[in-house]
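1. Structure of the sequence below:
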Amino acid sequence: MIRVILCDDHAVVRAGLGQLIGAFDGVEVVAQAGGTAEALEALAATGADVVLMDLEMPPPDGIEATRMIHEAHPGVAVVILTSFSDRPRILRALDAGAVGYLLKDAEPDEVERGIRAAARGESPIDPRAARALLTRPPAPAAPPAAELSGREREVLALVAEGLPNKLIARRLGISEKTVKAHLTSVFRAIGVDDRTQAALWAVRNGVAEAPPGGS
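-> Residues are numbered from 1 along each chain as shown. Here you go, the predicted structure:
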């Protein structure tokens, strides 16, 4: 028998879920909780296998409740059951110790499969939540090389060739002090802290060619 605790701050939702889940073969709702304290008390009293956890609850919210349950009862599988499928919330819930993430508009058989999977030690994830996890947010775009002046591009290209400031100054017919000033400006413009990072940026952004044998 799989013992389940429902944790949701809406009594009507808990009642409906309890009726639904109680009809699953081999699954028993051993307790219902409207908040974290009640859930922890119920766990201590019943030793449930699975907790279905809503995210939107009075403080502490479902994510913090999941963290507390995971720390106090690491063997209990917490499965989030919520209306939210945004990537940041899913990641926070999983980081807090949830083993699964289901959505409230799921079909009853999906909820049943999720409960059984969690009890077996698996990680039931709603397909929509999985897609949200796989969709990476766009990385911040690197400043385009076009934002650099012609002289800054020349200095950066020579840095990528591995030339020290003294040789760069000699090659371009400028002082070392001017080279340093250009590098300070370049580092700030492209968001790097040292010559190695600057050289890599130069190659990746077409300001310089990769050295022979380089990757």
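
2. which residues touch the closest residue to Glu110 other than its chain neighbours?
-> Computed as Cβ to Cβ, 6 or more residues apart in numbering, the closest residue to Glu110 that is not its neighbour in sequence is Leu102, at 6.9 Å. Every residue, glycine included, has its C-beta placed from N, CA and C. By Cβ atoms under 8 Å, 6 or more residues apart in numbering, the contact set of Leu102 is Leu52, Val79, Ile80, Leu81, Thr82, Glu110, Val111, Gly114, Pro124, Ile125, Asp126, Ala129.

3. Buried residues of stretch 126-139, list them for me.
-> Neighbour counts over stretch 126-139 (16 or more other Cβ atoms under 10 Å) mark Asp126, Ala129, Ala132 as buried.

4. Check Arg136 and give its pLDDT.
-> Looking at Arg136, its pLDDT is 59.

5. where does the residue nearest in space to the middle of the chain fall, phi/psi-wise?
-> Central residue of the chain (Cα atoms, centre = their mean): Leu91, 4.2 Å from the mean position. The phi and psi values for Leu91, taken as degrees, to the nearest 10, are phi -60, psi -40.

6. Tell me how far the closest residue to it other than its chain neighbours lies from Gly47.
-> Distances taken as Cβ to Cβ, 6+ apart place Leu133 nearest to Leu91, at 7.2 Å, with adjacent residues excluded. Leu133 is 31 Å from Gly47, where distance means Cβ to Cβ, to the nearest Å.

7. Also Arg153?
-> 67 Å.

8. Can you pick out the residue with more neighbours from these two?
-> Ranked by neighbour count (other Cβ atoms under 10 Å), Arg153 and Gly47 place Arg153 first, with 17 against 12.

9. Starting from Leu167, give me the distance back to the more buried one.
-> For Arg153 relative to Leu167 (Cβ to Cβ), the value is 17 Å.
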